[in-house]
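S.K.: coordinates only, sequence not included:
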């Protein structure tokens, strides 16, 4: 199989990127990350034409960044640059229609032979579907955690009630013993109360232990 030259490789990468709803970029490491190159597929992703971003002619790519994600995203990039490493970071972009989209950026710095940082470049891909699934799972997990917390509270309340019931049955057996023959029937009832309390106590403890095990498993 023939090897592709650099221009063919770039054309292939741009073509593939366009098919998977993403874009390629190269920018300067200045205050506004001025765009040097941005693939045309940015329009599919954001609704804005690539030419509007080059040299930040109309807008910068960073101007589309969702405000709450700005500090985290820039910190990840700056940390990676200090370590001469690549970065992968998820953040949100606000499109031309005002829609908020989750994207994943994989990028890195381009350094000269002398070690001077020349450019930043990378790939930005839409991960809207993945993020939607993650958020749905997070909501489900939160609901499960809340529900298991309620179950634990109920189990603790049951255990407190059982302790009171066990104490009452113990006192009842003492009183039945004092009553002699006249208290025999009450003694049987007290014994049944004790047996019921013991069985329910063991069940409530198992429920509490199982719920705690579920919560530990969810955190792991």
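M.R.: Received the coordinates, thanks. Every value quoted in this text rests on a predicted model; they were computed, and no experiment measured them. Numbering: from 1, shown residues only.
S.K.: Three-state assignment for residue 102, please.
M.R.: strand (DSSP: H, G, I helix; E, B strand; the rest coil).
S.K.: ranges for the helices of this structure?
M.R.: Taking DSSP state H, the helices of the chain run over residues 6-19, 42-46, 70-82, 128-179, 184-219.
S.K.: who are the packing partners of the third one?
M.R.: Counting contacts by 3 or more Cβ pairs under 8 Å, 6 or more residues apart in numbering; DSSP states H and E, the secondary-structure elements packed against helix 70-82 are strand 87-94, strand 100-111, strand 117-126. Where you see a C-beta, it was placed from the backbone N, CA and C, and this is true even at glycine.
S.K.: and those as a markdown table, adding mean pLDDT and distance to residue 46?
M.R.: Formatted as a markdown table, these follow (pLDDT from 0 to 100; distance: least, Cβ to Cβ, whole Å):
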| stretch | mean pLDDT | distance to residue 46 |
| --- | --- | --- |
| strand 87-94 | 94 | 6 |
| strand 100-111 | 93 | 8 |
| strand 117-126 | 92 | 10 |
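S.K.: right, and those - which one's nearest residue 35?
M.R.: strand 117-126 (10.1 Å; Cβ to Cβ).
S.K.: tell me which residues in the closest one are buried?
M.R.: 119, 120, 122, 123, 124, 125, 126 (16 or more other Cβ atoms under 10 Å).
S.K.: can you redo these as JSON lines with distance to residue 110?
M.R.: Putting the buried residues of strand 117-126 into JSON lines (distance: Cβ to Cβ, whole Å) gives the following:
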{"residue": "119", "distance to residue 110": "4"}
{"residue": "120", "distance to residue 110": "7"}
{"residue": "122", "distance to residue 110": "10"}
{"residue": "123", "distance to residue 110": "14"}
{"residue": "124", "distance to residue 110": "17"}
{"residue": "125", "distance to residue 110": "20"}
{"residue": "126", "distance to residue 110": "24"}
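S.K.: determine which two of these are furthest apart.
M.R.: Spatially, the most separated pair among the buried residues of strand 117-126 is 119 and 126, at 23.4 Å (Cβ to Cβ).
S.K.: mind listing what the residue lying closest to residue 103 once chain neighbours are set aside touches?
M.R.: Nearest non-adjacent residue to residue 103, counting by Cβ to Cβ, 6 or more residues apart in numbering: residue 124, 5.2 Å away. By Cβ atoms under 8 Å, 6 or more residues apart in numbering, the contact list for residue 124 reads 22, 23, 24, 25, 45, 103, 104, 105.
S.K.: ok, back up a step: closest to residue 91 out of the buried residues of strand 117-126?
M.R.: For the buried residues of strand 117-126, the residue nearest residue 91 by Cβ to Cβ is residue 124; the value is 9.4 Å.
S.K.: return the distance of that closest one relative to residue 150.
M.R.: 42 Å (Cβ to Cβ, to the nearest Å).
S.K.: for residue 69, same thing?
M.R.: Going from residue 69 to residue 150 by Cβ to Cβ gives 34 Å.
S.K.: which one of the two has more residues nearby?
M.R.: Higher neighbour count among residue 69 and residue 150: residue 69, with 17 against 11, using other Cβ atoms under 10 Å.
S.K.: and the closest residue to that one other than its chain neighbours, what are its bridge partners?
M.R.: Nearest residue to residue 69, sequence neighbours excluded (Cβ to Cβ, 6+ apart): residue 91, at 3.9 Å. For residue 91, the beta-bridge partners under DSSP bridges are residue 103.
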